[in-house]
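Engineer: Next one to model:
(chains A, B, C, D, E and F)
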Protein chains: 6
Amino acid sequence: MDKGNKPFKRLLLTGAAGNLGRILRVAMRDWADVVRCTDIAPMEAAGPGEEVIEADLADREAVLALARDVDAIVHMGGISVEAPFDDVLQANILGTYNLYSAAQKQGVRRVIYASSNHAIGFYKTTEVIDANAPVRPDSMYGISKCFGEAMSRYYFDRFGIETVCMRIGSAYAAPQNPRMLVTFLSFADLTELVRRSLFALRVDHTIVFGVSDNPSKWWDNTKAAHLGFVARDSSRPFADRFPPEGPIDTSDITRLHHGGPYVLLGPMEPKS
Amino acid sequence: MDKGNKPFKRLLLTGAAGNLGRILRVAMRDWADVVRCTDIAPMEAAGPGEEVIEADLADREAVLALARDVDAIVHMGGISVEAPFDDVLQANILGTYNLYSAAQKQGVRRVIYASSNHAIGFYKTTEVIDANAPVRPDSMYGISKCFGEAMSRYYFDRFGIETVCMRIGSAYAAPQNPRMLVTFLSFADLTELVRRSLFALRVDHTIVFGVSDNPSKWWDNTKAAHLGFVARDSSRPFADRFPPEGPIDTSDITRLHHGGPYVLLGPMEPKS
Amino acid sequence: MDKGNKPFKRLLLTGAAGNLGRILRVAMRDWADVVRCTDIAPMEAAGPGEEVIEADLADREAVLALARDVDAIVHMGGISVEAPFDDVLQANILGTYNLYSAAQKQGVRRVIYASSNHAIGFYKTTEVIDANAPVRPDSMYGISKCFGEAMSRYYFDRFGIETVCMRIGSAYAAPQNPRMLVTFLSFADLTELVRRSLFALRVDHTIVFGVSDNPSKWWDNTKAAHLGFVARDSSRPFADRFPPEGPIDTSDITRLHHGGPYVLLGPMEPKS
Amino acid sequence: MDKGNKPFKRLLLTGAAGNLGRILRVAMRDWADVVRCTDIAPMEAAGPGEEVIEADLADREAVLALARDVDAIVHMGGISVEAPFDDVLQANILGTYNLYSAAQKQGVRRVIYASSNHAIGFYKTTEVIDANAPVRPDSMYGISKCFGEAMSRYYFDRFGIETVCMRIGSAYAAPQNPRMLVTFLSFADLTELVRRSLFALRVDHTIVFGVSDNPSKWWDNTKAAHLGFVARDSSRPFADRFPPEGPIDTSDITRLHHGGPYVLLGPMEPKS
Amino acid sequence: MDKGNKPFKRLLLTGAAGNLGRILRVAMRDWADVVRCTDIAPMEAAGPGEEVIEADLADREAVLALARDVDAIVHMGGISVEAPFDDVLQANILGTYNLYSAAQKQGVRRVIYASSNHAIGFYKTTEVIDANAPVRPDSMYGISKCFGEAMSRYYFDRFGIETVCMRIGSAYAAPQNPRMLVTFLSFADLTELVRRSLFALRVDHTIVFGVSDNPSKWWDNTKAAHLGFVARDSSRPFADRFPPEGPIDTSDITRLHHGGPYVLLGPMEPKS
Amino acid sequence: MDKGNKPFKRLLLTGAAGNLGRILRVAMRDWADVVRCTDIAPMEAAGPGEEVIEADLADREAVLALARDVDAIVHMGGISVEAPFDDVLQANILGTYNLYSAAQKQGVRRVIYASSNHAIGFYKTTEVIDANAPVRPDSMYGISKCFGEAMSRYYFDRFGIETVCMRIGSAYAAPQNPRMLVTFLSFADLTELVRRSLFALRVDHTIVFGVSDNPSKWWDNTKAAHLGFVARDSSRPFADRFPPEGPIDTSDITRLHHGGPYVLLGPMEPKS
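Structural biologist: Below is the predicted model of the structure:
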């Protein structure tokens, strides 16, 4: 294996044990001589060109070590669903601070940050927004993503560390419900979006909606057109799974906002 | 026939005797157990799953009856060309009020309203506008469509009755003149737009331009992207019918505005 | 009396018997050799430099005669409160058509049109809008004002007849309730606005909010800055009449929208 | 004392021991029968109509108790300068969550939240922004304010708890340096802004810049005009204290951004 | 005289023999130890703290010498009325290039550039624009100002030389015609605008409209609010000199555009 | 050959000896009975339906003769790379004035003007702009294009001569470097853009970015959608020639702006 021929020397992937992390781990092998994988949960053993390190993002020293000798970070780690605030505080708020703090200390130049549509989930499903629309989080989880976006903006303005905030829609093998006909992001499109975000000459601080080329759209990516991300997949082939229903119950607010069911989930009480 | 399997129980189609009404009548059979067709003019007799009722939209009681037990209304009725104001007043202004008044009394939840590009026909052909551009009607007919859009906005804000205002371009089998290379809406695209408007989970009050995917564009549908309407047809195959002409007479104002010949038609004197 | 020295030869004032009409009638004496006053209701007898003609705006021939030899029209006439649609249809919709039709036939060059905040009354009281915001009428009355604005836009685009649409707030001697601390338009400011609208070199089709310089603002008049209207009065001296109340009942939608109580008034049933 | 005559029954003031808290404490006596004052630091003893409770905002139960039987909260508490992230995390992030969580559980209807210009401190001093400009925090402190704004947006969208986010400029007795000629907020104007925010009929979720009527402006408050806040003071009388200097060193980035010296303060290392 | 106490060491004033140049020359004495005055026409002899140098802006070497040891330049020179293109080319196009080229070579940090409303003179008098509106020059003179604005933008982006482009309205002792009631800039306000532009901490590349606080407004200076320029004068006291005229001839395009009579002046033939 | 059947009688092509001129010359044969080709450099001899005239655009009389009996002009002439200002002044500034002056005197109705992305080359590569973004030229060449755009705007507003300003990206057979993956304009797309610009019914003054349908985009052509230009080619097939490089040197400002290497080229000293 000729390590020196790949564009990156070493990339760090957090959340490598998650659904999306496992998919990206495979793709990233082609992009870097070494992919350093980390998660708080157990991961598959390291293959060639891989490092595997179990770590808690809330552990500052551990995160500092993870970022050593790394060209760029794909930050999929943390809690990716609604959770009690205390849990979100540790994993997503403290965790993201630790990550950026480590990136700055270790000289990392770029972060690809898994933000979420839940940062803007309280917009109505009849509103089409772009990256400049003020945040409207729909959950503690969504608020933590607003926090991460603000944190990353700071680290760009202050230290020049670039970030692409991917507001991921619904990254599944296929849409699971009618809402996902709008929010669906295929695994291939997710991978392409990460690839573009890593390889674009320059990204400054960019917010992009991670969504396939679905017929209904709530999100306008014009302001991220410089990334060159062009979705290839669409929810269209899956439309038949969710046939039209006729008049629906408009008092169900989970069907009236971008965030779907999240708008009713939070705030959760801590598990005691 | 298994009525219960269709998404809607009963849909009302006004203007069912018109060119577009006849096309939609066919398509709507698949969407509802019963399609109630109405027009002031004679219509084809009722087939299976159809009701046919001749009525004048200016007749309040008749319209109230039409809206009974209806899930949604596709409102193609009224005068669809320039006409003396008195005629427009009856058919389009009083008629549209009667329709919404009936919808509210009968509990109808959604209206698909045939508005028109003539509501904004006085924009210049070098201006590209979206749904938020202030109205600039080009005729008494166009003014009546502005009225209908305002009326429908009220019924949504006041009673939650949703409306999709389709500002239909030129719905013909093929473009009839150079202007229609820009404004062409194929019958298939019209049908798809009505289908999307009926079946979208939620539309609130949406203004959408009814236009195929033609090369020249005056209308930007970003604000209605949530409908999921994607035009499949284009005027491109018809471009050869209207070859370039070289320099034209720019003093002909009918060629300088979105509304085309309408900008010179009105106001007509009443037929006496 | 030296008729020839006044800027206008003859001005038409409709709605001259109304509260605002009576105030404007006095002011207009200085602006024109002849002020032609009209209303459907009885008016004070004609003084020097005045003509007084009782007429129904729904009477086309009568309106045509009113507009003869007139330089400009101050159109305060019609119904100025919520009313059954049939009444609005006659006085405000047919009436406004008759007025513009007459203006065009008689060569009148400018109309000052009493539109209303009720054309946009369904905006929330936490939203600040300008003249380009899409209409959101709060009543049949408000819809008729949207109609009048669209009609006047047409007559400008088609025939060059200029209009200033004054979206009058609450023109009273003093604010009558807490809402009017925001919407108050003093009589002096109303008069100044009409004066500016008549005397501005050129107004094309301008929408301006008729409101004094009150501390709370819902309406931004930047787009009408060319008129040179500068409000001199304010609701501030009246603030003590409506002391703060502490927490209020936010389920009362009449307190949540620009239109105030109008949002619940309509549609009224016809008086039988 | 006639408790029943004041507009509010009980208001909670956090940060009551701070510079601004002490000023507001005095003013708030007129607005509520009882002002409940709290701080982590010692406060002046309770006077008539006052309750004084020492508490740590990071203590969930204590905060829950503070919010009991409270009509509205003026939330000046937390760290108000740049500090190590761990401190900000406790006081401002966990503290603000605790506050909103308590407000929701106790049925509090409105919060006046002391946000900061440091939420947008990385805009250039030649840029004029309004409330919709995306956040650009200049410090850990600024990021915590972005967090608080997102949190408060959530609590409005989810539970209808209203918030006015005051992005306070430089609230001092007088400007302390040339930058404060732009960012100065007099104590009287601060008090008036809090008063308006408490007493406005409805505020939904409003972001307002807390700044006096200074000659140079970086912040446009049009979108909060509905509050009715009109600054009465200005930095103009203090201009002579900071005479023009002629050419300056433009490589000093603390002079190039809204946030001034904050853009270089963070992130601080924890005090060990 | 204590030279060292003034904020600037040496300022260059071009066009010092012109109407506005003579006024600024006086004011600038207080701002700099030395005011270097230049013009192609004869000027008053140098007083204390002044240098007077006759020079042609089209003479590259002469301009290079003028910029030596200069802190900032107030560039009022060149042709300030419509003229044949060849003349404009020399004085305003070549002259402005020479000036910026010299500024860059001599290390000058800031230029206050006399641009003109004629750079945007073809906007309609019913349109209110801000600094971001695309240029619409009304004359060869106006085009040369667009050129100068583009040139100055380049020198800021490329070399960091700051410029305030003052789009001067009508700088006279008093308005000379009805148009100037809108465009009037008093000499005191001009002086204040130059002062602010010189002394602002940082201006980057700012476009500001030079206009007093007149009742009618075509120009919105929000985007230059950071300069802190607040006009103190108004055309209001002069309004009586141009009483309202009643209906005017709208076919006179000089009354329909910001630029007034300029819209018909050009292009002039060269004087032969 | 049947001359009378082509849409244009005579078209003028300037810059006919250049790379793009030679390509357009071939295409234009189908559009006009006569294509008049001109350049300061030697051109291929005239074929059927062609006239070939060597001329200097700085020669007023020569240009006046070129424009005689011409329907429209495709203006590719002048200097198309960075050059000393004196050269740009003659060829592009004086030359463009001569061209429009001649067009006006000879009654030419439309000009297709080769503007350049270098008129806006100082925008950052992470910014997506449209035709209304203020100019930010990156060179003397770019400034001359801003001048030409302003000049053409004047000739439209003043005389109704229409212009399409094509801000050409990188018109090559294939992209030559990574930047051109974003800015590439294929020869076929250039030809189609010129064709659309000539044949559109009406163009007024339109600014359009000349760029193929490349994956990364810096330029949004919505405001020119009325032209009907749809790019058919893309840089995508060439992407492999410039594989991702991993982290780059962000201090290289030629990689950070739309204009690429141009941002460092100027201003050049005159060749002596």
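
Engineer: May I see the buried residues of stretch A:56-65?
Structural biologist: A:56-60, A:62-64 (16 or more other C-beta atoms under 10 Å in any protein chain shown). Bear in mind the C-beta positions are built from the backbone N, C-alpha and C, glycine included.

Engineer: Return the member of the residues you listed nearest to chain D.
Structural biologist: Checking the buried residues of stretch A:56-65 against chain D by C-beta to the nearest C-beta gives A:Arg60 as the nearest, at 9.4 Å.

Engineer: what are the bridge partners for A:Asp39, then?
Structural biologist: Residues in a beta bridge with A:Asp39, per DSSP bridges, are A:Glu54.

Engineer: so it makes contact with A:Gly77?
Structural biologist: Yes: using C-beta atoms under 8 Å, A:Asp39 and A:Gly77 qualify as a contacting pair, with a distance of 6.6 Å.

Engineer: Common neighbours of those two, please.
Structural biologist: Common contacts of A:Asp39 and A:Gly77 (C-beta atoms under 8 Å, 6 or more residues apart in numbering or on different chains): A:14-16, A:18, A:21.

Engineer: and the residue nearest to A:Arg136 when sequence neighbours are not counted, how many neighbours does it have?
Structural biologist: Of all residues not flanking A:Arg136 in the chain, A:Phe122 sits nearest, at 3.9 Å (C-beta to C-beta, 6 or more residues apart in numbering or on different chains). Neighbourhood size, A:Phe122 [other C-beta atoms under 10 Å in any protein chain shown]: 24.

Engineer: How confident was the prediction at A:Gly266?
Structural biologist: Here the pLDDT value assigned to A:Gly266 is 86.

Engineer: quick revisit: export the buried residues of stretch A:56-65 to a markdown table and append columns for pLDDT, distance to chain F and secondary structure.
Structural biologist: As requested, the buried residues of stretch A:56-65 are exported to a markdown table (pLDDT from 0 to 100; distance: C-beta to the nearest C-beta, whole Å; DSSP: H, G, I helix; E, B strand; the rest coil):
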| residue | pLDDT | distance to chain F | secondary structure |
| --- | --- | --- | --- |
| A:Asp56 | 97 | 28 | coil |
| A:Leu57 | 97 | 23 | coil |
| A:Ala58 | 96 | 28 | coil |
| A:Asp59 | 97 | 27 | coil |
| A:Arg60 | 97 | 25 | helix |
| A:Ala62 | 98 | 24 | helix |
| A:Val63 | 98 | 20 | helix |
| A:Leu64 | 98 | 20 | helix |
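
Engineer: mind listing the strands for the stretch 101-250 of chain A?
Structural biologist: A:110-116, A:129-130, A:162-168, A:170-171, A:184-185, A:205-210, A:219-220 (DSSP state E, counting those that start in this stretch).

Engineer: Please name whichever of those is nearest to C:Ala224.
Structural biologist: Comparing those by their distance to C:Ala224 (C-beta to C-beta), the top pick is strand A:129-130, with 28.9 Å.

Engineer: So is that closest one next to chain D?
Structural biologist: No: with C-beta under 8 Å from any C-beta of the partner chain as the criterion, chain D is not reached by strand A:129-130; the gap is at least 10.8 Å.

Engineer: from the chain's centre, how far out does that strand sit?
Structural biologist: Centroid displacement of strand A:129-130 relative to its chain, using C-alpha atoms, centre = their mean, to the nearest Å, is 17 Å.

Engineer: packing partners for it?
Structural biologist: strand A:219-220 (3 or more C-beta pairs under 8 Å, 6 or more residues apart in numbering or on different chains; DSSP states H and E).
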